[in-house]
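Q: Need the 3D shape of this:
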Amino acid sequence: MAGRVLAMVIRAVGRYGCAMLDLQSRPKCSECPIRHRAVCARCDDDELLMLEQIKTYKSFRAGDQVLWRGDGLTYVASVVAGVASLGKTMEDGRTQMVGLLLPSDFIGRPGREAIDFDVVAVTDVTLCCFHRKPFEALIETTPHIAQRLMEMALDELDAARDWMLLLGRKTAREKIATFIEMLVRRQRLTIDDATDQELVLPLTRHEIANYLGLTLETVSRQLGAMKKERIVQFVDRRRFRVTDLEALHLASGDDCP
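A: Just a heads-up that it's a prediction; the model follows:
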């Protein structure tokens, strides 16, 4: 069965022009740093082999446009390393960042022929890409991938609801604390690691202000206050440590740890 499915996927690859790379030139799925969090998290060895046949890697420098809104969606991808932003530009040129893509996040929607958002590399970014048509063919025959995609979509829906609360009800201090706590949580750090490990703000203060619906001055003031209260400790303008994770959570305004 696995052999027939693999043959079907390879035929789809050839039909849609996705270049086949020497498997030895790419990291194996089993060695991938996002292996147990990405769309392939539930795949068994045979399913990983199928994915390895159709994957390729793309790299982008910080500031590069990964995709423009309305672009034809020729591939879908998982973020392997780095941070990218999702945004929309309005008719008068105003832009709004509506989301961040961190390692293991998925770009694109199977079944859609165009992307609905601008995707920009905030830092240097590496993507594990799958040509859309072969990937869609694989979804139809591989329940583990379809199930994981559904889980990730539901997680994204929960995150969108949390963001509605943040933008609609939270104070400036709570917004900043929630943002920092999200960075800690997404890196799967334990309490000891979170207070021990040096973290990096993926956005400039201006970009954080845009993302959270605040002014630049407010962002700088709130980060300064948290530094003074020894909730966070900054090494420079981007690198920092969380020195009091409990106080950070209390500052977020959330009632559930």
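Q: wait, what's in contact with residue 146?
A: Taking CB atoms under 8 Å, 6 or more residues apart in numbering as the contact definition, residue 146 lies against 139-140. No exception for glycine: its C-beta is placed from N, CA and C like everyone else's.
Q: Over to residue 207?
A: When contacts are taken as CB under 8 Å, 6+ apart, residue 207 is in contact with 85, 97, 122.
Q: Would you tell me what helix or strand the second one is located in?
A: To tie it back to what came earlier, the one meant is residue 97. With secondary structure defined by DSSP states H and E, residue 97 is part of strand 95-101.
Q: What mean pLDDT does the following helix or strand past that strand get?
A: Once the chain leaves strand 95-101, the next helix or strand it forms, by DSSP H and E, is strand 106-107. In this model, strand 106-107 carries a mean pLDDT of 94.
Q: next one: stretch 131-149
A: In this model, stretch 131-149 has an average pLDDT of 90.
Q: Now for residue 230, how many residues are close by?
A: The burial metric for residue 230, expressed as a neighbour count using other CB atoms under 10 Å, is 10.
Q: confidence score at it?
A: In this model, residue 230 is scored at 95, pLDDT.
Q: before we move on, what about the one 3 residues further on?
A: Reported pLDDT at residue 233 in the predicted model: 93.
Q: So residue 38 versus residue 154, what's the distance?
A: 16 Å (CB to CB, to the nearest Å).
Q: who's more crowded, those two?
A: With neighbours defined as other CB under 10 Å, residue 38 and residue 154 compare such that residue 38 has more, 22 against 10.
Q: now the more buried one: how far from residue 59?
A: Distance of residue 38 to residue 59, given as CB to CB: 17 Å.
Q: what does residue 210 give?
A: Counting by CB to CB, the gap from residue 210 to residue 59 is 25 Å.
Q: With neighbour numbers in mind, choose between these two.
A: Here residue 210 and residue 59 are set side by side on neighbour count (other CB under 10 Å), and the busier one is residue 210, at 19 against 13.
Q: In contact with that one, which residues?
A: Residue 210 makes contacts with 95-97, as judged by CB under 8 Å, 6+ apart.
Q: Going C-terminal from whatever helix or strand it lives in, what's the next secondary structure element?
A: Here residue 210 is covered by helix 205-212, with elements defined by DSSP H and E. Tracing the chain C-terminally past helix 205-212 and defining elements by DSSP H and E, one meets helix 216-228 next.
Q: Next, the buried residues of the one helix or strand residue 138 maps to.
A: Here residue 138 sits within helix 132-141, counting by DSSP H and E. Buried residues in helix 132-141, defined by neighbour count with 16 or more other CB atoms under 10 Å: 132-135, 137-139, 141.
Q: chain center to it: distance?
A: Using CA atoms, centre = their mean, to the nearest Å, the mean C-alpha position of helix 132-141 is found 21 Å from that of the whole chain.
Q: Which strands or helices does that helix pack on?
A: helix 2-15, helix 45-54, strand 75-81, helix 143-169 (3 or more CB pairs under 8 Å, 6 or more residues apart in numbering; DSSP states H and E).
Q: still on that earlier bit, between strand 95-101 and the helix holding residue 210, find me the angle.
A: Taking axes from the mean of the first three to the mean of the last three CA atoms, to 10 degrees, one finds that helix 205-212 is oriented at 90 degrees with respect to strand 95-101.
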